[in-house]
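In: what's the 3D shape of this:
(2 chains)
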Amino acid sequence: MTSSAISPNVTSRLSEIVGAANVASDFAQLATYEIDRKLPAAAVRPGSGEEVAEIVEFAASEKLALVPTGARTKLGIGYAPSRYDLALDTTRLNKVIAYDPGDLTLSVEAGVPLAKLAQVLAEHRQFLPLPVPFVNRTTVGGLIAAGVDSPLRQFYGTARDFLLGMEYVTGEGVAAKSGGRVVKNVTGYDIHKLMIGALGTLGVITRVNFKTFPMPLATRGCIARFATAENALDMRHRIAQSALTPLTMEIVSPGVAELFGSDAATRYERAPMPANVISNNEWALTTGYAGNEQVLDRYAKDLQSMAKESGTTGVTILAEKLPPAWARKREFIPIALASSPATTIVKMSVLPMRMKEALAAAQRAAESNNLRWAAMARGLGIIYFAILPSDHTEEYRQQVANATSEMQQGCAKLAGHATIPWAPAQWKNTLQIWGPARPDAAQMQKIKSVFDPQNILSPDRFASPL
Amino acid sequence: MDSQLLRDLKSLLGSEAVLHRPEELMLYEYDGSVEVARPNCVVFPRTTADVLAIVKLANQYQTPLVGRGAGTGLSGGALARKGGILAVFSRMNRILEIDIENQRATVQPGVVNADLSAAVANAGLHFAPDPSSQKACTIGGNVSENSGGPHTLAYGVTTNHVLSLEAVLPTGELIRIGSSALDSPGYDLLGLFVGSEGTLALITEITVKLTRLPEAVKTLLAIFDTLDDTTETVVDITARGITPAACEMLDGWTLRAVEAYVHAGFPLDCAAVLLLEVDGVAEAVQQHAEEVADICRAHHAREVRVARDARERDLLWKGRKNAFGAVGRLSPTYYVQDGVIPRTKLPATLRRINEIGVKYGFQIGNIFHAGDGNLHPLILFDARDEAQFRGVVAAADEIIQFCIEMGGSITGEHGVGMEKDRLMPLLFSEADLDVMRNVRAAFNPQGLLNPDKIFPSKKGCGEIHVRPLPLAGAPSA
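Out: Next comes the predicted model:
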């Protein structure tokens, strides 16, 4: 563990802003803010957007590096911050500011837990289609900053598609906003889109406005099992060319059943796995869909016949309410992270018709380096490929570095790209976490310079400090 | 204009690709709005290399440069407010690649919106954003303005369908942002550039998603005797969690204008109609159509007609999409607003718009993307009459002010351009605007590209820029 040291003046100034009870500087508390074995010198918990602005302005004047945090479930994404003086904990920003069910719009503070929000929306049979990893803990601001996607992106898109506006604080402590709270709006630049997936490097998100959605009618599922990835992807292509518009569509690799049946998995979803739904030796294509009785019948019938045409070894229609264990698909990443001490997750993006080659290349790379793996792919062309070494040894590090590099080259050949959002802290600086240097890096740097000219916000999470 | 610059442009592009005589320039001094601004010359690039060279010359001669598609915009976004070079992309109109299996297309910016959908219709696909001007407007223009359209209620606006851009920055750098595979790593530059109204870059190539055409479509026309019943129907449809593919409202006055022009069979004696569309798999569409019709009847719809076939459906949509043209037959000029309100506020807002029309003595036709609360009040006036011009601006401002009080916005899809820049401080603080200005300066440091758009100038805050049209043939100011 390394930790930063700051003068007592800093804590006293922070206490002036938020009250002494909301500044932590003792080791036990700071340990909970660890990022890749680094601890901040203090953690500060503002209660309003104004306090956030004051803190950032102060940090900028003292050149203190600051990392905004929410539920701290996804701080492992990317490189560790090169400097980490303050954790700016947003969890006290936990108010639902406005919810207009009739307009299907919502305005919330960044620290609101998604689970709490889901309850508020459910009272009006509405929801946010964001079942992202760590859904039971994550905050709204955290999931936006982390830029994670969810199984429902198949139908609803990602947060980018229904984020209406935002309030944020720049790296100079300026409180500003963009967008609005109506469902259609082209007033000014969409600054809020820049904040999605920026990992807190451009600003501290303090408030977000969303479009909400009516809850779908009865949701059902179909699981079709196949001997090869090629068969499963063939069914994916048939669905894409049909009139069906499923809510979710995923390709599940062999080995995932074992992960989902493990003790680690029950941490994220307690309900037992139904037997024989996915097989540990086979590939599967899973779809979720919703509608009235006739629509559900149509989906079940069409999906079964498409599965047959694609050479299925067996189809299960989940004709009743979806079992809670279905949610394990959503938690593939946390479950994979908990399943090995050195889990490394490669996110590959390719055109849908190149997924077969991308999966084959990744499988070859893992197996030629003697690495255990499991994968979950979204039908739109995103593959989460989990490499599961059994230890942190130097030998494994070398194998993982070789395998991930081969995967990145493989994706580049397919006109796609691959990043390594999660990897063991001590390996990160030897991996190409964000892939090879990008031609638009200079443009990204321009953006960073506008929002955070002193580089105090989550410094270097996008670039290796080495 | 510097005659050496003209010579350089001509030797670069050929003299047939450079216009500079006053009678030629007059064709490019307006767009679909009431704004007027004349460029010093108009150029027609054919390639990205042409665009790069034009940008270099603009820098060398320190001349403003503005990009333009078909000129159908409704906020003056593609007008040369400070003069200079207007680069018209109508000759960069090739569809470069269509990838049916992956549902992608790559186009040059001058490709007409409807042409792309037509090119992929046989494969059961379309480009979903469908502005009413889609038979003329270009995809480059759509990207610059983040255009909407009737079906964006269910399918999303342009930004939801763009995957990557090639563009030339005003500093002369050629950049490529986004990628045809999803989730390009790093900052979402694409999200910033789409909808930046031509103030950050000139777009030279666009990759978009193509969307599968629905299996079944039902188009309904619900006829109402009062405006309140009409707007309350919209509120109720939203509240019950039904998202139609489109939900458009036309008031009785507009309908009569449209009917005289299009002969779509719209009733002439009603207060308003809703044009509603539901689509999807056949089994869902039947049920949704029935639910929507029931809600309309519960709110006293006099009649709910269902289009019997594609021909009837096309006719109804022809009426909607030609409404602005129909109104153009009745009045020398109209001023169209683009305010957005939360949908529950529709009844109150429509009542207020009518009061404002009476107060200022203008006929106001109402044609709305009702489903997403995006209003298009059309205020009829004679732009040659200075008093009327001032009146129309005051009336429009009052409507916009009311939209903002309702928690809404000043523009839903037409853009800020040079028409609404002075209204931006009603929504945004100086700090909000300064961040955006700094972003602009990062990419457009000298402000040569599309100057004086979106952001109010700090000095003349609140100044009204719109001014009366000159009489036909009179030299413009």
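In: contacts, neighbours, all on C-alpha from now
Out: Will do.
In: Would you pull up the residue in the stretch 1-150 of chain A closest to chain B?
Out: Closest residue of the stretch 1-150 of chain A to chain B, Cα to the nearest Cα: residue A:102 (4.8 Å).
In: Distance-wise, check that residue relative to residue B:248.
Out: 18 Å (Cα to Cα, to the nearest Å).
In: Can you pull up the most central residue in chain A?
Out: For chain A, the residue whose C-alpha lies nearest the mean C-alpha position (Cα atoms, centre = their mean) is residue A:148; its distance is 2.3 Å.
In: So it sits against residue A:132, correct?
Out: Yes: using Cα atoms under 8 Å, residue A:148 is in contact with residue A:132, at 6.5 Å.
In: Show me where the stretch 101-250 of chain B has its strands.
Out: Applying DSSP state E, counting those that start in this stretch to the stretch 101-250 of chain B gives strands spanning B:104-107, B:125-126, B:162-168, B:174-178, B:202-209, B:211-212, B:216-224, B:246-251.
In: Could you do the stretch 201-350 of chain A as well?
Out: So, for the stretch 201-350 of chain A - with DSSP E, counting those that start in this stretch - the strands run A:203-211, A:213-214, A:219-226, A:248-252, A:283-290, A:314-318, A:344-349.
In: can the shortest one be found next to chain B?
Out: What that stands for is strand A:213-214. Yes: Strand A:213-214 reaches chain B (Cα under 8 Å from any Cα of the partner chain) through A:213, A:214.
In: Just give the strands next to that strand in its sheet, each with its orientation.
Out: Strand pairing for strand A:213-214, using DSSP bridges, gives strand A:126-127 (antiparallel).
In: how far is the partner strand from where the chain is centred?
Out: The chain centre lies 20 Å from the centre of strand A:126-127; the measure is Cα atoms, centre = their mean, to the nearest Å.
In: just to revisit the earlier point, who has more neighbours out of residue A:102 and residue B:248?
Out: residue B:248 (25 against 18; other Cα atoms under 10 Å in any protein chain shown).
In: And that one, how far from chain A?
Out: Distance, residue B:248 to chain A, by Cα to the nearest Cα, to the nearest Å: 14 Å.
In: and what of residue B:51?
Out: 19 Å.
In: tell me the contacts of that residue?
Out: B:45, B:168, B:202, B:204 (Cα atoms under 8 Å, 6 or more residues apart in numbering or on different chains).
In: Which secondary structure element of chain B has the lowest mean pLDDT?
Out: Using mean pLDDT, DSSP states H and E, helix B:323-328 stands out as the lowest-scoring helix or strand of chain B, at a mean of 85.
In: Could you name the helices and strands sitting against that helix?
Out: helix B:252-262 (3 or more Cα pairs under 8 Å, 6 or more residues apart in numbering or on different chains; DSSP states H and E).
In: which outside residues touch the helix it packs on?
Out: Looking at helix B:252-262 with Cα under 8 Å, 6+ apart, the contacting residues turn out to be B:265-273, B:318-320, B:322-323, B:326-327, B:330, B:365-367.
In: repeat that with 6 Å
Out: Contact with helix B:252-262 is made by B:268, B:270, B:271, B:272, B:319, B:323, B:326, B:365, as judged by Cα atoms under 6 Å, 6 or more residues apart in numbering or on different chains.
In: following that helix, which helix or strand shows up next?
Out: strand B:272-280 (DSSP states H and E).
In: quick check, the helix or strand just after that next one touching chain A?
Out: Using DSSP H and E, the helix or strand that follows strand B:272-280 in sequence is helix B:282-298. Yes: against chain A, helix B:282-298 shows contacts by Cα under 6 Å from any Cα of the partner chain at residue B:283.
In: Keeping just the C-alphas, turn helix B:282-298 into CSV.
Out: What follows is helix B:282-298, C-alpha atoms only, in CSV (Å, rounded to 0.1, in the frame of the first residue of the first chain):
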residue,chain,number,x,y,z
ALA,B,282,-47.6,-8.0,-36.1
GLU,B,283,-49.0,-9.5,-32.8
ALA,B,284,-48.0,-6.4,-30.8
VAL,B,285,-49.1,-3.8,-33.4
GLN,B,286,-52.7,-5.0,-33.5
GLN,B,287,-53.0,-4.7,-29.7
HIS,B,288,-51.1,-1.4,-29.5
ALA,B,289,-53.3,0.1,-32.2
GLU,B,290,-56.4,-0.9,-30.3
GLU,B,291,-55.1,0.5,-27.0
VAL,B,292,-54.2,3.8,-28.7
ALA,B,293,-57.6,4.0,-30.4
ASP,B,294,-59.4,3.3,-27.1
ILE,B,295,-57.5,6.1,-25.3
CYS,B,296,-58.4,8.5,-28.2
ARG,B,297,-62.1,7.6,-27.8
ALA,B,298,-61.9,7.9,-24.0
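In: Just the angle for it relative to strand B:272-280, thanks.
Out: Put simply, helix B:282-298 runs at 160 degrees to strand B:272-280, going by axes from the mean of the first three to the mean of the last three Cα atoms, to 10 degrees.
In: who's in contact with helix B:282-298?
Out: A:294, A:295, B:216, B:233, B:279.
In: redo that, cut-off 8 Å
Out: With Cα under 8 Å, 6+ apart, helix B:282-298 has contacts from A:291-292, A:294-295, A:298, B:215-218, B:220, B:222, B:233, B:236-237, B:242, B:277-279, B:303-304.
In: from chain B, which residue is nearest to chain A?
Out: Chain A sits closest to residue B:412 of chain B, with a gap of 4.1 Å, by Cα to the nearest Cα.
In: Now for residue A:131, how many residues are close by?
Out: Look at residue A:131: counted by other Cα under 10 Å, it has 19 neighbours.
In: In contact with it, which residues?
Out: Residue A:131 neighbours (Cα under 8 Å, 6+ apart): A:150, A:151, A:152, A:330.
In: now it: how far from residue A:4?
Out: Taking Cα to Cα as the measure, residue A:131 falls 35 Å from residue A:4.
In: got it, and residue B:20?
Out: In terms of Cα to Cα, residue B:20 sits 64 Å off from residue A:4.
In: The helix ranked longest in chain A vs chain B: in contact?
Out: Taking DSSP state H as the criterion, chain A has its longest helix at helix A:394-413. No: residues of helix A:394-413 are not located near chain B by Cα under 8 Å from any Cα, the shortest gap being 10.2 Å.
In: pLDDT averaged over that helix, what's the number?
Out: Mean per-residue pLDDT for helix A:394-413: 98.
In: Could you tell me which other helices and strands it packs against?
Out: Going by 3+ Cα pairs under 8 Å, 6+ apart, helix A:394-413 lies up against strand A:344-349, helix A:355-368, strand A:417-422.
In: let's see it at 7 Å
Out: Contact here means 3 or more Cα pairs under 7 Å, 6 or more residues apart in numbering or on different chains; DSSP states H and E; on that basis helix A:394-413 packs against helix A:355-368, strand A:417-422.
In: do you know which of those lies nearest residue A:38?
Out: Proximity to residue A:38 (Cα to Cα) singles out strand A:417-422 among these, at 16.2 Å.
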